[in-house]
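1. got a predicted model here, sequence first, then my questions.
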Amino acid sequence: MDLNLNLNADNLYREDSFNDLKVGAIRRLTPVTADGAVDDSRDSLFMGQTQLMSPDGPFPVTCMIDAKTLPEAIEKFPAALKQEVERMITEAQKAKKKEDSRIIVPGQGQ
């Protein structure tokens with residue numbers, strides 16, 4: 001097996017985390033060059049993170065936030081996470097529907 005585990009030196013980011021210790025966190029990924037200097041030719045990325053409680057315990061939710069600044073990411077956090085949760089629910093419903101529609105053949109798998 002040939003694994004390519006080389007980091008792409010042209011696509012490096014420094015990560016900063018901002019957490020309110022209650023609802024969730026925003027990760028800011030700042031583009032940097034291979035020597036660690038900020039790469040002003042690329043935009044920062046923002047990711048929102050939270051956990052929802054389910055009958056099986058905490059369920060992590062992570063999504064990208066379309067923002068240019070931290071204040072903008074904070075403002076857009078609720079809508080971005082809500083949209084991601086709705087997407088996850090839709091995907092789960094599709095998977096359940098597909099599973100429920102399978103033809104059950106006696107004597108095959110349990």
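-> In hand now; what should we look at?

2. how about low-confidence regions in the chain?
-> 105, 108-110 (pLDDT under 70).

3. for it, which segments count as helices?
-> 70-100 (DSSP state H).

4. and stretch 64-78, end to end?
-> Stretch 64-78 has an end-to-end distance of 12 Å (CA to CA, to the nearest Å).

5. in it, which residues are buried?
-> I65, A67, A73, I74, K76, F77 (16 or more other CB atoms under 10 Å). Yep, even glycine has a C-beta here, placed from its N, CA and C like the rest.

6. identify the residues contacting the third one.
-> In other words, A73. Contacts for A73 (CB atoms under 8 Å, 6 or more residues apart in numbering) come out as I26, R28, F46, G48, I65, A67.

7. for L81, state which of these is nearest.
-> Closest approach to L81 among the contacts of A73 (CB to CB): G48, at 5.2 Å.

8. wait, the closest one touches A67, no?
-> No: contact between G48 and A67 fails when scored by CB atoms under 8 Å: they sit 9.5 Å apart.

9. would you turn the contacts of A73 into a markdown table with distance to G36?
-> Below are the contacts of A73 laid out as a markdown table (distance: CB to CB, whole Å):
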| residue | distance to G36 |
| --- | --- |
| I26 | 22 |
| R28 | 16 |
| F46 | 20 |
| G48 | 26 |
| I65 | 24 |
| A67 | 24 |
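
10. which of those sit farthest apart?
-> R28 and G48 (10.9 Å).

11. dump the residue contacts of the residue nearest to D16 when sequence neighbours are not counted.
-> Excluding its sequence neighbours, the residue lying closest to D16 (CB to CB, 6 or more residues apart in numbering) is R28, at 4.6 Å. Counting by CB under 8 Å, 6+ apart, R28 touches E15, D16, S17, F18, S44, L45, F46, L70, A73.

12. and for D39, the neighbour number?
-> For D39, the count of nearby residues is 18 (other CB atoms under 10 Å).
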